[in-house]
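**Student:** Pasted the sequence and its predicted model underneath.
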Number of protein chains: 2
Amino acid sequence: MGQDTLSDNGLPAEFGFIARIFRPLAGNGALDLRDDAAVFMPPAGRELVIAADAMVEGVHFLPDDPSDTVGRKLLRCNLSDLAAMDATPLGYLMTVSMPPERDEAWFAGFASGLVRDQKRFGITLLGGDTTSTSGPLVLSLTVLGHVAPGQALRRSTARVGDGIWVTGTIGDGAMGLLARRGQVADPDHFLARRYQLPRPRLGLALGDVASAGMDVSDGLVQDLGHMARESGVGIVIHADQVPLSPAVRALGPQWLPTCLSGGDDYELLLAVPPAHEDRLLRHAARSGVAVTRIGQVVAGNGVQVRDGAGHEMVLARRGWSHVPDRG
Amino acid sequence: MGQDTLSDNGLPAEFGFIARIFRPLAGNGALDLRDDAAVFMPPAGRELVIAADAMVEGVHFLPDDPSDTVGRKLLRCNLSDLAAMDATPLGYLMTVSMPPERDEAWFAGFASGLVRDQKRFGITLLGGDTTSTSGPLVLSLTVLGHVAPGQALRRSTARVGDGIWVTGTIGDGAMGLLARRGQVADPDHFLARRYQLPRPRLGLALGDVASAGMDVSDGLVQDLGHMARESGVGIVIHADQVPLSPAVRALGPQWLPTCLSGGDDYELLLAVPPAHEDRLLRHAARSGVAVTRIGQVVAGNGVQVRDGAGHEMVLARRGWSHVPDRG
């Protein structure tokens, strides 16, 4: 139960707000957000891929992040999950739990960002819900995609001998958060932008290239640990081969551990058999995405990070957790 | 970004918590919640139906509601959306944004309730996300179902001459909230239970029976208004024909307006051509669900509520809104 407000037209405020802000985002199947649910025919002969993520103001984005980036960040984080499965996006649903003091101008910016990304990624809003909350803004998004049957990339299928590859550069998101907090320099806002707007690595057609894949969202070393554990293998990476952006390099080598363990990369982490490396490089070049080999899958378990001299680096922290310890 | 806590096994706390609480809810396709997304083959030749709803503590449920009912309430509200489209449930995804002080015992109860309803409704958890929040607990759930192509019930297709029907009884949820607040008597907790655990009216096979349908979630009169407006018709209902439970009747006739405008019913509202009424009654009897004719679709627009003498009743409020007025 919520506020008991009626707007001019005699309808509760929720409906006018949804009509103004969210209906323009709705696509075919969404029934104009006027019905109880969306209805659509899934692509024939394809498996569906579905993922959900939530973002909380003050936890995953900052209260003064531009509102047009906030919805896009959540959408792109979810699209990154589809990219990790080598899936093609279909559409999304979103629920918004909003503090009453947030004004409509903020949400107009929020929606304008989503419109841009809907065009960019060829998807539309299928449905959702708006509620009020006495706490910070909470967004939850479910994304749907499709993939050829049996071809979804998994994180549990890396094999000894595979090379370990990453797309793009690592650490920009973590350093971007520090930049947003004024803890490191970011003269041209490159890092802040990377924190606010990840780039999902869709369309690389990795199904017949990589033996395993996932996206890097909780920190490279932690996510390598997930792949190693789920695949029953060990992984060795070479810290000096991890691709860093010029902006991160300019801050100095003392930030390398932060980059290796920080979250918010939304790059792909791939295990690729040596025989497929040429194909990986061709697919990446076609998409204009850099890919870099940073290590290899070995027999055993766990993740080793080696420095330039081949010595194991010990990282104080391996990644981020989004819930407090209840152990 | 969130708390930076590591549990005993060197993994961030989030992963152990998910393994203990949520992994037991995961079904086929969810990849044990270990991958970036779930993968499943949709039923061949069926349209997919998908809906999302969020619930916020203190808004949609009360802090002292039993935790085993909280997740089930959200699941059932979403299943009610599927019932409104005459769809069959497939599975669900859920995101949980939790205050740090909430203990694991609360979530163990929460999950045990979901296990019961998963069995009852033949569905499993496909994926989700957990985050922390400095505000109240926020749950967001996306439910997936399927329906024969072109057969999903809509709210926009009611026709002049149809009878207006509802399932079950109206007003128990709204009165249950008042009972939970100590404002009305509820000696056997029937009303509180109806507020905490709605009963989605799945399986009635209404596709070839009703010309329009929706679920009653925001208050009967308000939802009738949606059906009338989307269908381009008027609706007249007779207040003394609206089915009330014995518990509500015992509270006295002064509560009738609250029942007609209160939310949280999660019954179905149907427009049924007279020629299909026998079929409706047979389908309902087979499912053990009461159905009651409360009015009819007429030419014109808007909703008229008539009392026993045929006079129009004017209701001070028509329903609930979950967001504040931003008009």
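**Tutor:** The structure has been received and is ready for your questions.
**Student:** any idea whether A:Leu48 is helix, strand or coil?
**Tutor:** Look at A:Leu48: counting by DSSP: H, G, I helix; E, B strand; the rest coil, its state is strand.
**Student:** Count the neighbours of it for me.
**Tutor:** Neighbour count of A:Leu48, defined by other Cβ atoms under 10 Å in any protein chain shown: 24. C-betas here are computed from N, CA, C, even on glycine.
**Student:** so where do the helices sit in chain A?
**Tutor:** A:13-17, A:67-84, A:104-121, A:172-180, A:190-196, A:220-231, A:246-251, A:256-261, A:277-287 (DSSP state H).
**Student:** With B:Gln304 as the reference, name the closest of those.
**Tutor:** Among the helices of chain A, helix A:13-17 comes nearest to B:Gln304, with 20.3 Å by Cβ to Cβ.
**Student:** tell me the contacts of the residue nearest in space to the middle of chain A?
**Tutor:** Against the mean C-alpha coordinate of chain A, by Cα atoms, centre = their mean, the closest residue is A:Cys77 at 2.3 Å. A:Cys77 sits next to A:53, A:55, A:198, A:200, A:217, A:266 when contact means Cβ atoms under 8 Å, 6 or more residues apart in numbering or on different chains.
**Student:** likewise A:Leu206?
**Tutor:** Contacts of A:Leu206 (Cβ under 8 Å, 6+ apart): A:86, A:153, A:213, A:268, A:270, A:280, A:283.
**Student:** rerun at 6 Å
**Tutor:** Contacts for A:Leu206 (Cβ atoms under 6 Å, 6 or more residues apart in numbering or on different chains) come out as A:Asp86.
**Student:** Measure how buried the residue of the stretch 51-200 of chain A found nearest chain B is and give me the count.
**Tutor:** Taking Cβ to the nearest Cβ, chain B has its nearest neighbour within the stretch 51-200 of chain A at A:Gly135, 1.1 Å off. Neighbours of A:Gly135 under the rule other Cβ under 10 Å: 21.
**Student:** Next: A:Ser261.
**Tutor:** Residues near A:Ser261, counting by other Cβ under 10 Å, number 22.
**Student:** Nearest spatial neighbour of it, chain-adjacent residues omitted?
**Tutor:** A:Gly219 (4.6 Å; Cβ to Cβ, 6 or more residues apart in numbering or on different chains).
**Student:** Can you give me the neighbour number for the one you found?
**Tutor:** Look at A:Gly219: counted by other Cβ under 10 Å, it has 28 neighbours.
**Student:** phi, psi of it?
**Tutor:** When read as degrees, to the nearest 10, the backbone of A:Gly219 gives phi 120, psi 130.
**Student:** My read is that it contacts A:Cys259, right?
**Tutor:** No: contact criterion Cβ atoms under 6 Å: A:Gly219 and A:Cys259 do not qualify, at 9.2 Å.
**Student:** Buried ones in stretch A:207-216, by neighbour count?
**Tutor:** With burial defined by 16 or more other Cβ atoms under 10 Å in any protein chain shown, the residues of stretch A:207-216 counted as buried are A:207, A:209-216.
**Student:** Which members of the residues you listed additionally contact chain B?
**Tutor:** Contacts with chain B within these, as defined by Cβ under 6 Å from any Cβ of the partner chain: A:214-215.
**Student:** ok so, going back, of all the contacts of A:Cys77, which two lie farthest apart?
**Tutor:** Largest separation among those by Cβ to Cβ: A:Met55 and A:Pro200, giving 14.9 Å.
**Student:** Up against chain B, what does the stretch 51-200 of chain A have?
**Tutor:** So far as Cβ under 6 Å from any Cβ goes, the stretch 51-200 of chain A lies against chain B at A:51-54, A:56, A:59, A:81, A:84-85, A:93, A:95, A:97, A:100, A:104, A:127-136, A:138, A:140, A:142, A:152, A:154-155.
**Student:** Which helix or strand in chain A has the lowest average pLDDT?
**Tutor:** Here the helix or strand of chain A ranked lowest by mean pLDDT, DSSP states H and E is helix A:13-17, holding a mean of 69.
**Student:** low-confidence ranges in the stretch 1-150 of chain A?
**Tutor:** A:1-15 (pLDDT under 70).
**Student:** Could you measure from A:Leu178 over to B:Gly161?
**Tutor:** A:Leu178 sits 67 Å away from B:Gly161, going by Cβ to Cβ, to the nearest Å.
**Student:** When the two are compared, which one has more neighbours?
**Tutor:** Of the pair A:Leu178 and B:Gly161, A:Leu178 is the one with more neighbours under other Cβ under 10 Å, namely 19 against 15.
**Student:** Same list (the buried residues of stretch A:207-216) but as TSV, adding pLDDT.
**Tutor:** Shown next, in TSV, are those (pLDDT from 0 to 100):
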residue	pLDDT
A:Gly207	90
A:Val209	97
A:Ala210	98
A:Ser211	98
A:Ala212	97
A:Gly213	97
A:Met214	97
A:Asp215	95
A:Val216	96
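**Student:** What is the nearest of the buried residues of stretch A:207-216 to A:Ala38?
**Tutor:** For the buried residues of stretch A:207-216, the closest approach to A:Ala38 (Cβ to Cβ) belongs to A:Asp215, at 25.8 Å.
**Student:** Identify the bridge partners of the closest one.
**Tutor:** A:Leu268 (DSSP bridges).
**Student:** if I pick it, what's in contact with it?
**Tutor:** Contacts of A:Asp215 (Cβ under 6 Å, 6+ apart): A:80, A:84, A:266, A:268, B:36.
**Student:** Any idea how many residues pack against the first one?
**Tutor:** In other words, A:Ser80. Around A:Ser80 there are 26 other residues, counting by other Cβ under 10 Å.
**Student:** That one and A:Arg181, how far apart?
**Tutor:** In terms of Cβ to Cβ, A:Ser80 sits 23 Å off from A:Arg181.
**Student:** ok, and for stretch A:158-174, which residues are buried?
**Tutor:** Buried, per 16+ other Cβ under 10 Å, within stretch A:158-174: A:158, A:162-174.
**Student:** mean confidence for it?
**Tutor:** The average pLDDT for stretch A:158-174 rounds to 98.
**Student:** send the alpha carbons of that stretch over as PDB?
**Tutor:** Listed next in PDB are the C-alpha coordinates belonging to stretch A:158-174 (Å, rounded to 0.1, in the frame of the first residue of the first chain):
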ATOM      1  CA  ALA A 158      37.500 -23.900 -19.200                       C
ATOM      2  CA  ARG A 159      40.000 -26.600 -20.100                       C
ATOM      3  CA  VAL A 160      43.700 -27.100 -19.200                       C
ATOM      4  CA  GLY A 161      45.700 -25.500 -22.000                       C
ATOM      5  CA  ASP A 162      43.300 -22.800 -22.800                       C
ATOM      6  CA  GLY A 163      44.600 -19.200 -22.900                       C
ATOM      7  CA  ILE A 164      42.900 -16.700 -20.600                       C
ATOM      8  CA  TRP A 165      41.800 -13.600 -22.500                       C
ATOM      9  CA  VAL A 166      40.000 -10.400 -21.600                       C
ATOM     10  CA  THR A 167      38.300  -7.800 -23.700                       C
ATOM     11  CA  GLY A 168      39.000  -4.000 -23.500                       C
ATOM     12  CA  THR A 169      40.900  -2.700 -20.400                       C
ATOM     13  CA  ILE A 170      40.700  -3.700 -16.800                       C
ATOM     14  CA  GLY A 171      40.400  -1.400 -13.800                       C
ATOM     15  CA  ASP A 172      38.700   1.600 -15.400                       C
ATOM     16  CA  GLY A 173      35.500   1.100 -13.500                       C
ATOM     17  CA  ALA A 174      37.200   0.700 -10.100                       C
END
